[in-house]
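Enquirer: Everything below, folded, please.
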Amino acid sequence: MTATTDTSPVPAAATAVTTGAARPPRGRGRGERGPLASLGLHGTLLIASIVAMFPVGWILFISVGPEDAWQDPAKVLGHLSLKNYTRVLTETDFPRWFGNSVIIAGCTTLLGVLLSATAGYAVSRLRFPGQRQLMWMFLVTQMFPVTVLIVPLYNILASLGLIDSYLGLILTYCTISVPFSAWMLKGYFDTIPMEIDEAGRVDGLTPFGTFWRLILPLARPGLAVTAFYSFLTAWAEVAYATQFMSADHYTLAVGIRTLATNTRADWAGMTAASVMIAIPATIVFFLVQRHLVSGLTAGAAKS
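Expert: Numbers count the residues shown, from 1 in each chain. This next block holds a predicted model:
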């Protein structure tokens, strides 16, 4: 008998095992973080979140304690109550301040969005003399500090009889929100194809009808950012409201200052009022937050 020799190929894995050859380690791919880098990143984000939330949490904590809790925070846990909120609502003009702020902020938001959208759409779609100069003028108006503009704006409102009126303050806030919002919406409208406007004209729509029925629904993220910015401009502004409005028309941001005098500050009442002032702004933020990122980044590549 003759011995047969097995000539079948040996698997590479078996060869590597028998020869003791080590498999080269897989390199870290692009974008992958090591354990230490991941730990450092999450630790940094956690610390940053704590630092950002601490002032808000501290104000909320002091507001539910006794009136002298700001001097001795240890008393808060043993005397939790909503007494400060009740006192602010019943013993101050907070309800009237709140109503004034809602009227002014709501009208500023509606008017600001309307003016910004129409201005941004016109500059994005139309070509007319002075187009670039108009946009640069919008940009230049943002360079002046509030204190510089108080006197000229006061003189203009006084000549129009709009001092101590809702309309005067609403128009003043629009001078802040509209230029920035028009720039932002112009970039957003640039990302919407011109073919949509042409299709609207083919279907018999007027230019305004095309803008209202076709373009605005596509521009919801940009409009949401504009609405949020306009609302915050009117809700938290102090300087103009202090100079242009009397005590009967104080907004929340101005009214809360009356809780502090030159000799004494009602810290318990101020913290409770601060929490209640922040609630509407928080609600508006949650209503538009899903549009904020896309609305702010759209148009970044086109201008």
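Enquirer: Burial check on Phe286, number of neighbours?
Expert: 9 (other Cβ atoms under 10 Å). Quick note: C-beta positions are derived from backbone N, CA and C, even for glycine.
Enquirer: per-residue confidence averaged over the one helix or strand it maps to?
Expert: Taking DSSP states H and E as the definition, Phe286 sits inside helix 267-297. In this model, helix 267-297 has a mean pLDDT of 82.
Enquirer: in that helix, what's buried?
Expert: 267-278, 280, 284, 288, 291, 295-296 (16 or more other Cβ atoms under 10 Å).
Enquirer: do the same with stretch 250-270
Expert: 250-256, 259, 266-270.
Enquirer: Kindly report the same for stretch 46-64.
Expert: 59, 62-64.
Enquirer: Ok, stretch 227-246 next?
Expert: So for stretch 227-246, counting by 16+ other Cβ under 10 Å, buried means 227-237, 240-241, 243-245.
Enquirer: repeat for stretch 96-112
Expert: 96-98, 100-101, 103-105, 107-109, 111-112.
Enquirer: one step back: mind picking the two most distant members of the buried residues of stretch 46-64?
Expert: Pairwise distances across the buried residues of stretch 46-64 peak at 10.2 Å for Ile59 and Val64 (criterion: Cβ to Cβ).
Enquirer: after whatever helix or strand Ile104 lives in, next one along is what?
Expert: In the assignment (DSSP H and E), Ile104 maps to helix 94-125. Downstream of helix 94-125, the next assigned helix or strand under DSSP H and E is helix 131-141.
Enquirer: what's Gly65 sitting at in phi/psi?
Expert: Dihedral pair for Gly65: phi -110, psi -170, per degrees, to the nearest 10.
Enquirer: Compute the distance between it and Arg264, please.
Expert: 18 Å (Cβ to Cβ, to the nearest Å).
Enquirer: before we move on, what about Ala273?
Expert: Distance from Ala273 to Arg264, by Cβ to Cβ: 16 Å.
Enquirer: Which helix or strand contains the residue nearest to Leu111 when sequence neighbours are not counted?
Expert: Of all residues beyond its chain neighbours, the one nearest Leu111 is Cys174 (5.7 Å), with distances taken as Cβ to Cβ, 6 or more residues apart in numbering. Taking DSSP H and E as the criterion, Cys174 maps to helix 166-190.
Enquirer: Give me the buried positions along that helix.
Expert: In terms of neighbour count (16+ other Cβ under 10 Å), helix 166-190 has its buried residues at 168-174, 176-190.
Enquirer: What's the mean pLDDT across it?
Expert: 91.
Enquirer: That helix - contacts with which helices or strands?
Expert: Helix 166-190 sits against helix 94-125, helix 131-141, helix 146-159, helix 220-236, helix 239-244, helix 267-297, with contacts defined as 3 or more Cβ pairs under 8 Å, 6 or more residues apart in numbering; DSSP states H and E.
Enquirer: okay if I get those as a markdown table plus distance to Arg213?
Expert: Supplementary listing: the helices and strands packed on helix 166-190 in a markdown table, determined by distance: least, Cβ to Cβ, whole Å:
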| stretch | distance to Arg213 |
| --- | --- |
| helix 94-125 | 13 |
| helix 131-141 | 25 |
| helix 146-159 | 36 |
| helix 220-236 | 14 |
| helix 239-244 | 36 |
| helix 267-297 | 20 |
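Enquirer: Between the ones you listed, which one is closest to Gln71.
Expert: helix 267-297 (8.5 Å).
Enquirer: now the angle from the closest one to helix 220-236?
Expert: With axes from the mean of the first three to the mean of the last three Cα atoms, to 10 degrees defining the directions, helix 267-297 sits at 160 degrees from helix 220-236.
Enquirer: so helix 267-297 versus helix 166-190, what angle?
Expert: 30 degrees.
Enquirer: Adjust the sequence numbering to begin at 495 for everything that follows.
Expert: In the new count, where the first residue is 495, that last one comes out as helix 761-791.
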